[in-house]
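Here's my sequence, what's the structure:
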Amino acid sequence: MKIRLGLLGAADSFEIIQSVIIKYPEIICMPIECLTEEDLIKKVTPLLEEVDMWLCTGPITYKIVQDWKGIEAPVFYITYTGSTLYKTVLQVLYEQKIEVDEISFDSGNVATWEQALHEAGIKTKPRFVESEIISLEGLVQYHFELWESGQTKAAITGHPIHHELLRLGVPTYRTLPSTMAVEAVLTNILRTYEMLHFRATQIAVQIIEIDSFVGLIKDTFSTDDIFRIEIKYMEKLLSYTKKVHGSIKSSGFGRYVIFSTRGLLQDITGNFSRVPDIHEFDQASKEAVTCGIGIGQTVYDAEINAGNALLHAKECGKSTWMICFDDKKIAGPLGKPEQLTYSYTSEQLESVSQQTSLSVITLNKLKSSLKKLSSDEINSNELANYMQISPRSARRILTVLEEKGFAKVVAEEKPHTRGRPRKIYKISHF
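Residues are numbered from 1 along each chain as shown. Have a look, this model is predicted:
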């Protein structure tokens, strides 16, 4: 197992970090000096496919990476606590001959800095701590204004804020990572990689049904003709099966089962966010394909989950793809704006289910719909769209919840065309 680890941040931190990484033969380190978003675009973008995980030298670099949103792989950062912090404070106190409450801090909350000072035997508490990394410019301004107004006499921060404050004349010191902090984050990286690797090798089963096959069967009387049609579809699916390094078998007229692994399927579906393209199928054939994907520790578990996913897909109509994970969560329809992720079980929703006679799955779909809308208010048309049911069924669900005290009407919308006003329900106790 070799982990390709991209190291991002200020170059003066690399030596400390790499001196620890060298003790981990399973990690290949790729140091890349990045101080701005422009650096990330220029230096990191070409390497996105070559790096498994990323490590930032500190929270400020991590903030820049998170704001950029260009990295999909896991990103970690080294935290500054304990000796890392109080060592810097002691240096400031010794060199500047000042008190702790005359220093401005960032890259940590008040409790973190107080704990570090307590470990160093310093009882004075810090007065000026910016716990939020608002922006690089904002942090520079925060420290500079305190110093310029005479409230502070020095600042402790990270790179590149450190460099900018020095340019402005502020006595500034920066924290550097400790070997213990580096070892802690490397241990976390190794565990995460093992977990992701394990998940990627889980069994994935796809049960594909081609709806148009049934129509062809009705018009075909020869067994040989039926067999030829089946072989034709099998051949078209073979090249797709090769893409996922899987195997395929026929499971009855118009139904095929493909076996592969979670990692490969995750790649071609964009982390299960879209339907994979079967190039050999024309548009009409693609629209006739319904698929259930199952993930499991064994082939048996994965097939059971694939069957459940297929049932949910059929409820939404043909050309729908759904997935059932090993934790029994359902996601889908893949590739559609109304894609939801919901669970079979929930102790809280079990109680609601017993009081309303609505199934836990229905309640979980409703809960996921609200999460998708980022609201606790919904109307029947929105619910129908997300749950792929009729507006009438959606109205019935909302009415039942209202009757049992889990929803209340908070407003009414007048439709653009003729018709009765749509009630907007506020959902509670979920």
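
just checking, what packs against the one helix or strand residue 7 maps to?
For residue 7, the host element (DSSP states H and E) is strand 3-9. If you count contacts as 3 or more CB pairs under 8 Å, 6 or more residues apart in numbering; DSSP states H and E, strand 3-9 packs onto helix 14-21, strand 27-33, strand 53-56, helix 59-68, helix 179-200. Glycine gets a C-beta too; all of them are placed from N, C-alpha and C.

In its sheet, which strands sit next to that strand, and in what direction?
strand 27-33 (parallel), strand 53-56 (parallel) (DSSP bridges).

Quickly list the domain ranges of this structure.
If you go by automatic domain parsing, the domain ranges for the chain are 3-78+183-197, 83-176, 201-336, 346-427.

Dump these into JSON lines; add mean neighbour count and mean pLDDT as well.
Shown next, in JSON lines, are the domains of the chain (neighbours: other CB atoms under 10 Å; pLDDT from 0 to 100):
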{"stretch": "domain 3-78+183-197", "mean neighbour count": "17", "mean pLDDT": "91"}
{"stretch": "domain 83-176", "mean neighbour count": "18", "mean pLDDT": "87"}
{"stretch": "domain 201-336", "mean neighbour count": "17", "mean pLDDT": "82"}
{"stretch": "domain 346-427", "mean neighbour count": "16", "mean pLDDT": "83"}
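
quick one on the thing from earlier: could I get the strands paired with strand 3-9 as JSON lines with distance to residue 196?
Formatted as JSON lines, these follow (distance: least, CB to CB, whole Å):
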{"stretch": "strand 27-33", "distance to residue 196": "15"}
{"stretch": "strand 53-56", "distance to residue 196": "9"}
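
Which stretches in the stretch 201-350 of the chain count as strands?
203-210, 247-250, 255-261, 289-296, 321-324, 329-332, 340-343 (DSSP state E, counting those that start in this stretch).

Could you export those strands as a markdown table, including distance to residue 409?
A markdown table is the format used below for those (distance: least, CB to CB, whole Å):
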| stretch | distance to residue 409 |
| --- | --- |
| strand 203-210 | 41 |
| strand 247-250 | 51 |
| strand 255-261 | 45 |
| strand 289-296 | 37 |
| strand 321-324 | 32 |
| strand 329-332 | 29 |
| strand 340-343 | 24 |
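
what's the closest of those strands to residue 138?
strand 340-343 (35.2 Å; CB to CB).

what are the pairing partners of the closest one, and which direction each?
strand 329-332 (antiparallel).

Dump the C-alpha coordinates for the partner strand into PDB.
Presented in PDB, the C-alpha positions along strand 329-332 are these (Å, rounded to 0.1, in the frame of the first residue of the first chain):
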ATOM      1  CA  LYS A 329     -29.400   3.800   2.900                       C
ATOM      2  CA  ILE A 330     -31.100   4.300  -0.400                       C
ATOM      3  CA  ALA A 331     -29.900   7.000  -2.900                       C
ATOM      4  CA  GLY A 332     -31.500   8.100  -6.100                       C
END
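
Give me the distance from that strand to the chain's centre.
Averaging C-alpha positions (CA atoms, centre = their mean, to the nearest Å) puts strand 329-332 15 Å from its chain's average.

circling back to that earlier point, Serialize the helices and strands packed on strand 3-9 to JSON lines and add fields for distance to residue 149.
Output for the helices and strands packed on strand 3-9, formatted as JSON lines (distance: least, CB to CB, whole Å):
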{"stretch": "helix 14-21", "distance to residue 149": "34"}
{"stretch": "strand 27-33", "distance to residue 149": "34"}
{"stretch": "strand 53-56", "distance to residue 149": "32"}
{"stretch": "helix 59-68", "distance to residue 149": "23"}
{"stretch": "helix 179-200", "distance to residue 149": "33"}
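
Touching the strand holding residue 7 from outside, list them.
Applying CB atoms under 8 Å, 6 or more residues apart in numbering, the contact partners of strand 3-9 are 14, 17-18, 21, 26-35, 40, 44, 47, 50-58, 61, 65, 159, 189-190, 193.

the inter-axis angle of that strand versus helix 179-200?
Here strand 3-9 runs at an angle of 140 degrees relative to helix 179-200 (axes from the mean of the first three to the mean of the last three CA atoms, to 10 degrees).

Who is the closest residue to residue 421 other than its chain neighbours paired with across the strands?
Once flanking residues are discounted, residue 421 sits nearest to residue 412: 4.1 Å by CB to CB, 6 or more residues apart in numbering. Beta-bridge partners recorded for residue 412 (DSSP bridges): residue 423.
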